[in-house]
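J.: Give me coordinates for this.
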Amino acid sequence: MTAATSPLSHLAPLKGVRVLTLALNLPGPAAVMRLQAMGAQCVKLEPLAPGQQATADPMGIYKRAAYDAMHHGVKVLQADLKSERGQAALHKQLAKTDVLITSFRPSALKKLGLVWKELHQRYPALCVISIVGAPGERAEEPGHDLTYLADNGLVNGLELPPSLYADMGGSLLTTEAVLQALLLRQRAGRNHGQGMFQEIALSDAAAYLALPRTWGLTTADGDVGGAHAGYKVYPCKNGRVAVAALEPHFAARLCEAAGLPASAAKQMNKRSTHTGIAAFLLTQTKQQLDRLATAKDIPLHTLPR
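T.: Residues are numbered from 1 along each chain as shown. All right, here's what the predicted structure looks like:
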């Protein structure tokens, strides 16, 4: 499954649904990528200041390949939304839109005439999904993926997280919000003025992703945080190995392969078990461990150094 597809892509469950997006950068476009893959007709109206020729979307400027991937199949139009002509282009699209997705601060939406109350009055069936950094009164605060992750305890030391988790999590919440809005509107009757507004906060997405840590699962004393000897990343002879032998039967097979006594599988949090497994894995090459995983049905994945 690719980033853009889903198991139901070939069924086009959103065929006939019209999505207009003003969202820039990553969360909004990533959500639209998935909606388009589900069959929605997606149009993006990008801001265009006088004299500009290229895209005004930051992603299109600093990582064009990512921009292109997220906009594949999306009709991209450009307009200066602060001008009369741009406003006319916007409302021409809104008149035939089911779902509008934005990613501006509330103050910017107000300046562009995109306040929910006014939109709902003019387009009663329109559903609006507003992506913001933080919810409610904090929606005006500046921030990015890194700050939302940091605020939720998901940044360790000076290392940058390996992916943009809050942004991508926010994109999935946005997709979910679109599906919820469409379902509720369908239940009430499409032409009965049942458009709805939802605010999706990236900080909420980060908080949701942080729940396992909040529950103590991924803290240092948690079984999937390093305390369990069968759920860790170890060095091996020519690389690394991610071991996920968490369940008792997997742990027993790992301990048996490592030459540890049967009792070790019931003592996976003991230092001696950690030490014994680490010593064994250090003697094995990635190729040997790959074969072991297949032969003994042990969940592990080898990695380069």
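J.: So which residues of the stretch 201-305 of the chain form strands?
T.: Taking DSSP state E, counting those that start in this stretch as the test, the strands found in the stretch 201-305 of the chain are 231-236, 239-244, 300-303.
J.: Then the stretch 1-150 of the chain?
T.: Using DSSP E, counting those that start in this stretch, the strands of the stretch 1-150 of the chain run over residues 18-21, 41-47, 75-79, 99-102, 127-132.
J.: And the pLDDT for Asn191?
T.: You'll see Asn191 listed with a pLDDT of 55.
J.: so what's the most far-flung residue of the chain relative to its centre up against?
T.: The outermost residue of the chain, judged against the average C-alpha position, is Pro261 (42.2 Å), by Cα atoms, centre = their mean. Residues in contact with Pro261, defined by Cβ atoms under 8 Å, 6 or more residues apart in numbering, are Cys255. Heads up, the C-betas are built off the backbone N, CA and C, glycines and all.
J.: In JSON lines: the strands of the stretch 1-150 of the chain, plus mean neighbour count.
T.: Output for those, formatted as JSON lines (neighbours: other Cβ atoms under 10 Å):
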{"stretch": "strand 18-21", "mean neighbour count": "23"}
{"stretch": "strand 41-47", "mean neighbour count": "20"}
{"stretch": "strand 75-79", "mean neighbour count": "16"}
{"stretch": "strand 99-102", "mean neighbour count": "25"}
{"stretch": "strand 127-132", "mean neighbour count": "26"}
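J.: May I see those arranged in JSON lines, with mean pLDDT as well?
T.: Formatted as JSON lines, these follow (pLDDT from 0 to 100):
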{"stretch": "strand 18-21", "mean pLDDT": "98"}
{"stretch": "strand 41-47", "mean pLDDT": "95"}
{"stretch": "strand 75-79", "mean pLDDT": "93"}
{"stretch": "strand 99-102", "mean pLDDT": "98"}
{"stretch": "strand 127-132", "mean pLDDT": "98"}
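J.: What number of residues are in the vicinity of the nearest residue to Pro304 once chain neighbours are set aside?
T.: Of all residues not flanking Pro304 in the chain, Gly239 sits nearest, at 5.0 Å (Cβ to Cβ, 6 or more residues apart in numbering). Per other Cβ atoms under 10 Å, the neighbour tally for Gly239 reads 15.
J.: repeat for Ala23
T.: Neighbours of Ala23 under the rule other Cβ under 10 Å: 24.
J.: pretty sure it contacts Thr102?
T.: Yes: applying Cβ atoms under 8 Å, one finds Ala23 in contact with Thr102, separated by 6.0 Å.
J.: Please list all residues in contact with Leu303.
T.: By Cβ under 8 Å, 6+ apart, the residues touching Leu303 are Val233, Gly239, Arg240, Val241, Ala242, Lys286.
J.: Then Gln186?
T.: The contact partners of Gln186, taken as Cβ under 8 Å, 6+ apart, number zero.
J.: quick one: which of the contacts of Leu303 has the most company?
T.: Of all the contacts of Leu303, the highest neighbour tally under other Cβ under 10 Å goes to Val241, namely 22 neighbours.
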